[in-house]
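In: need a 3D model of the following:
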Amino acid sequence: MLDVIVIGAGPAGVVAALRAAVGLLGGAVIGDQLQARQKQDEEVQRRMAAQQAEIERQQRELDQLKAQQARSERVLLTHTERVTVG
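Out: Numbers count the residues shown, from 1 in each chain. Prediction:
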């Protein structure tokens, strides 16, 4: 028979599991789970940082394209004015 069932691995679930481990298992099982969770969190943070860097790179590229488009439109407008006036 089970004494404790913890559902969820969020902050409350981790605290519940730790308390159960200290009271029932002496903390032997939960330590490995916490280390695995910590590694997962670090991986998520690394991926989020990489995604943020990619978003920033794409934003710079978009800004450059918008600037090029604006320059092209000015050149086209100038050329059209010269042709119309001339």
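In: least confident secondary structure element in this protein?
Out: In the chain, the helix or strand scored least confidently by mean pLDDT, DSSP states H and E is helix 11-20, which has a mean of 79.
In: what about the strands in this protein?
Out: With DSSP state E as the criterion, the chain has no strands.
In: what's the longest helix in it?
Out: Using DSSP state H to define each element, the chain has its longest helix at helix 30-85.
In: just the C-alpha atoms of the least confident helix or strand of the chain, please, in CSV.
Out: Taking C-alpha atoms only, helix 11-20 is exported to CSV below (Å, rounded to 0.1, in the frame of the first residue of the first chain):
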residue,chain,number,x,y,z
PRO,A,11,7.0,23.7,-7.0
ALA,A,12,4.3,22.2,-4.8
GLY,A,13,4.9,18.7,-6.1
VAL,A,14,8.6,18.9,-5.4
VAL,A,15,8.0,20.2,-1.9
ALA,A,16,5.5,17.4,-1.2
ALA,A,17,7.8,14.8,-2.6
LEU,A,18,10.7,16.1,-0.5
ARG,A,19,8.7,16.1,2.7
ALA,A,20,7.5,12.6,1.9
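In: and that helix, what does it pack onto?
Out: If you count contacts as 3 or more CB pairs under 8 Å, 6 or more residues apart in numbering; DSSP states H and E, helix 11-20 packs onto helix 30-85. C-betas here are computed from N, CA, C, even on glycine.
In: what residue is smack in the middle of this protein?
Out: Within the chain, one residue has its C-alpha closest to the average C-alpha position: by CA atoms, centre = their mean, that is residue 48, at 2.5 Å.
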